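[1] Show me the folded form of this:
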Amino acid sequence: MRRLSLALLLCAAPVAATATPAKEAPWLPEAAALRLTQFMGNLIPMPWDDLAAAWQAPVAAAATPEAALSRLAESDARAIREALAARDRQALFAATTRAIARDILLELDNASAALLAEGAKPDLLEAQALYRAFEDGIKAADPAAARTLGLAWLELMNSTGSAGVLGAGQVAVDEAQFNAAREVIVAYIRENYDPEAFAPRDRLSPVPESVYLTGADVTVPTTVPPGSNFLEQQPMPRLVLQFEEAGGDEADLPLVAFGDMLFDSPEIFSGPARDLGITCSACHNRSDVNRDFFIPGITTHAGGLDVDSSFFNPMFDDRKMDPVDIPSLRGIRFTGPYGRDGREASLRDFTRNVIVKEFAGAEPTPFILDALIAYMREFDFLPNSKLNRDGSLSDLASDAAVRGEVLFNQSFAGLDGQSCATCHTPSNKFRDGKVYDIGSANPPFPGGTATLFETPTLLNVNYTAPYFNDGALPTLASVVDWFDDTKSLGLNAEQRSDLTAYVMAVGYGDDPWQEFDDRNTPFRLNYEELTTFATTMDTFLPMKDQFNIALLVDTVAPDLAADASLMSNQSAKPDVYQLAGLLRAAGDAAALGDWAAANDNWQAFKTLQSEIDARMY
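    Numbering: from 1, shown residues only. I've put the predicted structure just below:
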């Protein structure tokens, strides 16, 4: 009974935080590059090499595999190249904004030329796709203009006419309407995105120039650029919880159930993380690693994140591009110290650090930390039939792995007379709880002290690629090669292969992926977990705990509604929407101190849920 992690793929679109993954349509290359510029241009330090690549090479999130510069007029492309070469932030903003604005105007000119030939629609669609790069800034800063422009785009499309179907329903081109609507858009784009000069901007954004010049305090919804990915990886990792494997029910463990909800809630964070719907489970997908997590500019590889960047918490910004590989939380009760560098001995302190420092959340209450820790301590490793209880290989291991086990326990001069097993101790979950400088990181300055990194467990390591603190090594074979090369172990090709086979046997997991079928669907998994979260109302209502009721309702009610929107069973949707509404009503009543109404709505929720469950199962 586990669900999808709370996550989104937010390709520069402002949206409310929700549990339901939502993938946007691809962007045109030049529009994608502009949004990457607006995002990366606000990072400290600015990733100039990444910015250059956004314009000079194809962008993964773009609709076509073309470099943005190749689609622009030469004069605009030259201005962008010059700004990139000079590393002039303001010049880059002006050049890139102008380039997209002029592209829009060009497509409108092309549409006008093709209008009477009834061939204007493709050019208009291209112009609208480019306008998308400015649209959220206009909506936030100039809502009246946004409505006027939206109507103008609609009138443009309608005025191009239609040939109808087999001669029926034919609509003539309305040239006057087309020209009037076109002029509205052209005038606004020229004034706001292709003016004679742009005022210097503290923050790069799609806010129209005319509004920016007024000094108005405009809040543009938090976005991440095209190419960002918060969706959980596929296939979905299997989540192993102690109490479930022992036959327990989370509904009987309110502290664990609330901790599970908090782990899936953006409400414990603040700022960009909460706005975007980022949660603990967005990175640590079902206690494992979301190997597809990626945000251009603050990650260098999928499955990594610069957690001390200016984007999430400027106060915690170390002004270095130093993303770390997201660690698995499987068996976390065994794997202290915490953090890749082992900076926190306590899981509680580490969790508080993630909330407050990394993602700018408010100071969590002791109860919130109690609940999160109670839930995370239930995370267990995937069972491994290739290992015995003491960490030795079972009879199911391959001959190569058995030979590798001997090498793993062998002393090497390059390891100062120690073995791999000295640090990755089989009887201690293949770790020793210490930190070391193994030479995988450079000192911060000549003669400085390099960062020490904790010994990671090798259990279930097959599913956490890439490897090392910075994700520098893609496979376990490359890890073995690295140690052999840097520590002069003197292994031959067969020995490298055997040692890799051993590590992979240790890193194996039985049934590592969540299985779905016609009965056990992703929606059902989501629904069961959300309704389990809601059972904690039975604890909070008698306590009249307004704070935690609000936290629960603000997380679960919108998620139930969002999941209902994706249901394939159309007839059942109203019931789930009603369920979400009853939970919201209970929360609203509790916030007003109307405990009788809160209890009535909660009892109605449970009654309806029982009816839905009876039909569902």
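[2] pretty sure residue 440 contacts residue 467?
    No. Residue 440 lies out of contact with residue 467 (Cβ atoms under 8 Å); the separation is 9.9 Å. (Each C-beta comes from the backbone N, C-alpha and C, glycine too.)
[3] the strands in the stretch 451-600 of the chain, which residues?
    Using DSSP state E, counting those that start in this stretch, the strands assigned to the stretch 451-600 of the chain run over residues 453-454.
[4] Correction: the previous question concerned the chain.
    Assigned by DSSP state E, the strands in the chain fall at 304-305, 324-325, 435-436, 453-454.
[5] out of those, nearest to residue 362?
    Nearest to residue 362, of all the strands of the chain, is strand 304-305, at 21.1 Å by Cβ to Cβ.
[6] partners of the closest one, with directions?
    Neighbouring strands of strand 304-305 in its sheet, by DSSP bridges, are strand 324-325 (antiparallel).
[7] Which residues does the partner strand contact?
    For strand 324-325, contacts defined as Cβ atoms under 8 Å, 6 or more residues apart in numbering pick out 289, 301, 303-307, 340, 466-471.
[8] Closest one of the residues you listed to residue 374?
    residue 289 (21.9 Å).
[9] Show me which positions of stretch 203-218 end up buried.
    If you call a residue buried by 16 or more other Cβ atoms under 10 Å, then stretch 203-218 has these buried ones: 204-209, 211-212.
[10] Output the lowest mean pLDDT helix or strand found in the chain.
    Least confident helix or strand of the chain, by mean pLDDT, DSSP states H and E, is strand 324-325 with a mean of 90.
[11] What backbone torsions are found at the residue nearest the centre of the chain?
    The geometric centre of the chain, computed from its C-alpha atoms, lies nearest to residue 230 (Cα atoms, centre = their mean), at 2.3 Å. Main-chain torsions, residue 230, degrees, to the nearest 10: phi -110, psi 0.
[12] Could you check the pLDDT of it?
    pLDDT, residue 230: 85.
[13] shouldn't it be in contact with residue 276?
    Yes. Assessed by Cβ under 8 Å, residue 230 is found in contact with residue 276 at 7.4 Å.
[14] in this protein, which helix has the most residues?
    Criterion DSSP state H: the longest helix present in the chain is helix 89-114.
[15] Put together TSV for the contacts of strand 324-325, with neighbour count on each row.
    What follows is those, written out as TSV (neighbours: other Cβ atoms under 10 Å):
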residue	neighbour count
289	25
301	16
303	20
304	24
305	23
306	22
307	22
340	20
466	19
467	19
468	18
469	20
470	18
471	21
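[16] Sort out which one of the residues you listed lies nearest residue 395 for me.
    Nearest member of those to residue 395, counting by Cβ to Cβ, is residue 467, at 28.1 Å.
[17] Contacts only, for the closest one.
    Taking Cβ under 8 Å, 6+ apart, we find residue 467 in contact with 325, 461, 473-476, 478-479.
[18] same thing with residue 111?
    120-121, 123-124, 127, 156, 160, 182.
[19] Farthest pair within these?
    Taking Cβ to Cβ, the two most distant members of the contacts of residue 111 are 121 and 182; they sit 13.7 Å apart.
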